[in-house]
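Colleague: what follows is a predicted structure for the sequence shown.
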Amino acid sequence: MTESLVRIERHDGGVAEVVLDRPEAMNAVSTAMAQALTTAGDELRADTSVRAVVVTSSHAKAFCVGADLKERNGFSDDDLRAQRPGNRLAYRALYDLPVPTIAAVDGHALGGGCEIALACDLIVAGLRASFALPEVSVGVIPGGGGTQLLTRRIGWSRAADLIFTARRIGGEEGARPGLVDRYVADAKGEALAMAATIAQHSPIGVRNAKAAMRAGSDVTVDEGPDIEDARWHDTAFSADRAEGVRAFAEKARRAGRV
């Protein structure tokens, strides 16, 4: 990447922070920024030392305001078609990460910015957070997974309310239907603390738990337990499980001495 656009910062314990870093455009997703998101996702997916990922913004008032409409204003239809595959890859790069992902939103998360948050497993919102999928107001529809992920997250009718009306909501309102998982004063601090807690647990266990939840979310209640069982076997006979049992037994032994 010749420009920053998206930075990866490493924290202790295997926590990686993906920083949306195009502040002069309030992190609007240009073609180049979409490519940078994909590159960051590829790097993190290949790094087995990463245990949790937090997505943040370098802009004080914006998480991401969505597509770069200034760039698109000069596009022909062919240009827009050519850009589309790269944009889809960018959102999938976050969604497909095998470790837990947390969006720390303390500012505007609009359009594609809301979809970046939705691509994460958890969303922590600060007091200044706002969310919207306003695409129908400008003649398009959400194209970064919004129609699919928002519906799965908060249900059909609540998603329809937000998508059809294109209205904007704050973090407190977003927490009521489950768009926001935690509404706090310090979104970034809370998200990094959550990630640090996750990173303390078995990497194999956490990855397999996420994989089982993802794979089982769209199958019947009869099929789901088989998915869970397969992931349970992958975890139960791993070195992580054996070490976890030993550590628990040692902790219990020491506690018994006190």
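Modeller: Perfect, thanks for sending it.

Colleague: so residue 173 versus residue 142, what's the distance?
Modeller: With the distance defined as Cβ to Cβ, to the nearest Å, residue 173 ends up 19 Å from residue 142. Placement of C-beta: from N, CA and C, glycine included.

Colleague: of these two, give the one with the bigger neighbour count.
Modeller: residue 142 (23 against 16; other Cβ atoms under 10 Å).

Colleague: quick one, phi psi at that one?
Modeller: phi -50, psi 130 (degrees, to the nearest 10).

Colleague: which residues does it contact?
Modeller: Contacts for residue 142 (Cβ atoms under 8 Å, 6 or more residues apart in numbering) come out as 111, 115, 133, 135, 150, 163.

Colleague: got those residues as JSON lines, with distance to residue 198, secondary structure and pLDDT columns?
Modeller: Listed next are the contacts of residue 142 as JSON lines, based on distance: Cβ to Cβ, whole Å; DSSP: H, G, I helix; E, B strand; the rest coil; pLDDT from 0 to 100:
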{"residue": "111", "distance to residue 198": "28", "secondary structure": "coil", "pLDDT": "98"}
{"residue": "115", "distance to residue 198": "23", "secondary structure": "helix", "pLDDT": "98"}
{"residue": "133", "distance to residue 198": "28", "secondary structure": "coil", "pLDDT": "98"}
{"residue": "135", "distance to residue 198": "32", "secondary structure": "helix", "pLDDT": "97"}
{"residue": "150", "distance to residue 198": "24", "secondary structure": "helix", "pLDDT": "98"}
{"residue": "163", "distance to residue 198": "30", "secondary structure": "helix", "pLDDT": "98"}
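
Colleague: separate out the buried members of these.
Modeller: 111, 115, 133, 135, 150, 163 (16 or more other Cβ atoms under 10 Å).

Colleague: and the residues you listed as CSV, adding distance to residue 177?
Modeller: CSV is the format used below for the buried ones among the contacts of residue 142 (distance: Cβ to Cβ, whole Å):
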residue, distance to residue 177
111, 19
115, 17
133, 14
135, 20
150, 10
163, 13
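
Colleague: so residue 53: helix, strand or coil?
Modeller: strand (DSSP: H, G, I helix; E, B strand; the rest coil).

Colleague: alright, I will stop here.
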